[in-house]
Every structure is written in C-alpha cells, then in structure tokens.
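Peer 1: Fold the following and give me the result.
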Amino acid sequence: MDKFDRLAAARHFGPDRRLTAAYSGAVVVALGATALTADAAGRILFGIAAIILAGYAATDLVYSPRLVASADGLTIHTPTLTGQFPWSAVHAVRADSRQRAGLRLVTLEIDVADSLAVFSRRALGTDPETAARQIRLVRPPGC
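Peer 2: Next up is the predicted model:
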C-alpha cells in the first residue's frame with residue numbers, strides 16, 4: 001500500500017462544523033443580549049453563556065479533527081491528549097454504552113500508551129459505535 005492509498009484509507013473524526021457555527025452565532029446573540037439587558041443578573045447569565053459557548057466553538061476549531069485513524073496508527077488531538085500513536089501502542093478501541101436516568105450515553109474509549117482517551121458523539125461528529133467499527137476496519141490485521 002503506497003502513501004496515497006494510506007491517506008485515502010484514513011478516517012477523520014471531529015466536531016460537526018455546522019454545530020460549531022451555531023455555537024459561534026449563539027455567542028453573538030448572547031453578547032448582544034448582555035449589552036441590551038438592563039437586569040444585572042441577566043447580564044451575568046448571558047455573559048457566562050457567551051463564555052461557555054465561545055469555549056466550545058474555540059475548542060472545536062483548535063482541536064479538529066479530534067481523531068484520525070490510518071494504517072500507521074491513531075492521531076489524537078484533544079485538550080488533554082495530543083500525539084501520534086502507532087497501532088502497537090493502542091491497546092483497545094471500544095464503544096462504551098451506559099444507561100443513566102433513562103438516557104443512553106455512548107462514548108468511544110481508546111486505551112493508548114498509558115492514557116485513556118474518551119470521545120463523545122459531539123467530539124467525533126458521528127456515533128461512537130460507528131466510529132469504533134470504522135477504526136477497527138482501518139487497523140491493519142495483526143496489529
């Protein structure tokens with residue numbers, strides 16, 4: 001497999017850009033509401049909302065794509081873990097499903113080196129179970 005084939009087979013996972021754009025638009029709205037609200041408590045709440053939404057939008061832009069799977073290994077780019085890891089350093093890739101308060105929460109967990117990387121559906125831009133299957137398909141046999 002040459003370099004072009006390996007790049008074509010790589011799978012990229014990252015936040016949906018439409019959601020990032022929506023966060024950015026919501027920041028503008030929250031800042032406008034902060035400026036126009038006469039109530040001091042309302043200004044504080046809108047200001048906090050603007051800061052949180054701006055954090056989401058900035059994180060989505062800076063740490064994108066969050067995960068790239070290729071024949072060479074995994075590239076992880078998150079606020080807490082960044083690096084390129086060969087398949088020999090990847091111990092497990094699994095989708096973890098939990099039921100809490102009547103809601104089903106599914107995350108993608110990757111045991112890599114001495115760390116555990118956990119990705120939500122929002123961080124991946126797709127269902128974690130689908131991402132786990134696609135990553136297993138990219139991983140070369142015997143690794």
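Peer 1: ok, now which ones touch the most centrally placed residue in the chain?
Peer 2: Central residue of the chain (C-alpha atoms, centre = their mean): A123, 2.1 Å from the mean position. With contact set as C-beta atoms under 8 Å, 6 or more residues apart in numbering, A123 has these partners: F13, G14, P15, R66, T78. Heads up, the C-betas are built off the backbone N, CA and C, glycines and all.
Peer 1: same thing but 10 Å
Peer 2: Shown here is A123, whose contacts under the criterion C-beta atoms under 10 Å, 6 or more residues apart in numbering are 13-15, 59-60, 63-67, 78, 107-108, 117, 131.
Peer 1: Mind giving me the PyMOL select for the residues you listed, buried ones only?
Peer 2: Here the buried members of the contacts of A123 are turned into a PyMOL selection, burial being counted by 16 or more other C-beta atoms under 10 Å:
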select buried, resi 13+14+15+59+60+63+64+65+66+67+107+108+117+131
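Peer 1: Looking at the contacts of A123, which one is closest to R94?
Peer 2: The nearest member of the contacts of A123 to R94, counting by C-beta to C-beta, is L108 at 7.6 Å.
Peer 1: hey, what's the closest one bridged with?
Peer 2: Each beta-bridge partner of L108 is listed here: A95, F119, as defined by DSSP bridges.
Peer 1: pLDDT of the lengthiest helix in the chain, averaged?
Peer 2: Secondary structure assigned by DSSP state H gives helix 40-62 as the longest helix of the chain. Confidence for helix 40-62, expressed as mean pLDDT, is 96.
Peer 1: Contacts for the helix or strand following it next, please.
Peer 2: Counting by DSSP states H and E, the element after helix 40-62 in chain order, helix or strand, is strand 67-70. With contacts defined as C-beta under 10 Å, 6+ apart, strand 67-70 is touched by 6-14, 74-78, 84, 87, 90, 93, 108, 110, 117, 119, 123-125, 131, 134-140.
Peer 1: May I see the ChimeraX selection of the buried members of the residues you listed?
Peer 2: Below is the selection syntax for ChimeraX that covers the buried ones among the contacts of strand 67-70, with 16+ other C-beta under 10 Å defining burial:
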select :11,13,14,74,75,76,77,87,90,93,108,110,117,119,123,124,125,131,135,138,139
